[in-house]
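Asks: Sequence first, then the predicted structure:
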Amino acid sequence: MNDPVSDFLTRLRNASKAGLAECVSPHSKLKESLAAILKSEGYVSDVTVGADDRGHKTVIVKMKYVDNAPAITNLSSVSTPGRRLYFGYTEIPRVLNGLGISILSTSKGLLKDRDARRQKVGGEIICNVW
């Protein structure tokens, strides 16, 4: 696996489209904070850290559905290992004119696009969610 973040996003996208109750992925601090942002924005129900049968830490994300439709309509990865995209705080693009969110990796940790603009920090755009 070359890009663990894209793998995590793909697992979330597939779980929501398949109608699964939860999504399990190997643990990292980045994935955990990414899932926490999705929870705070209301795209997923709950995020917990558990362990698999071999004792490896995992991130368990409980998916959210509204009237049997997934709360995550689309989840797209922006930066890749071969093409990192960095933006200053004035250049951060809006997702669906503010209806969606971008998640950025900044010097102050992972932030939503709105928070990055307020705190006047730029960074690498990880993904777009709507």
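Replies: Sure, I can see it.
Asks: ok, now which ones touch residue 39?
Replies: By C-beta atoms under 8 Å, 6 or more residues apart in numbering, the residues touching residue 39 are 45, 46, 47. In this view, the C-beta of every residue, glycine as well, is placed from N, C-alpha and C.
Asks: What remains of the residues you listed if I keep only buried residues?
Replies: Among the contacts of residue 39, those classed as buried by 16 or more other C-beta atoms under 10 Å are residue 47.
Asks: out of the contacts of residue 39, which are inside strands?
Replies: Assigned to strands by DSSP state E, the following of the contacts of residue 39 qualify: 45, 46, 47.
Asks: Quick check: of those residues, which lies closest to residue 7?
Replies: residue 47 (16.9 Å; C-beta to C-beta).
Asks: Next one: the closest residue to the closest one other than its chain neighbours from residue 86, what distance?
Replies: For residue 47, ignoring the flanking residues on the chain, the nearest one in space by C-beta to C-beta, 6 or more residues apart in numbering is residue 35 at 4.3 Å. Plainly put, residue 35 is 23 Å away from residue 86 if you go by C-beta to C-beta, to the nearest Å.
Asks: Which one's more surrounded, the two?
Replies: residue 35 (24 against 12; other C-beta atoms under 10 Å).
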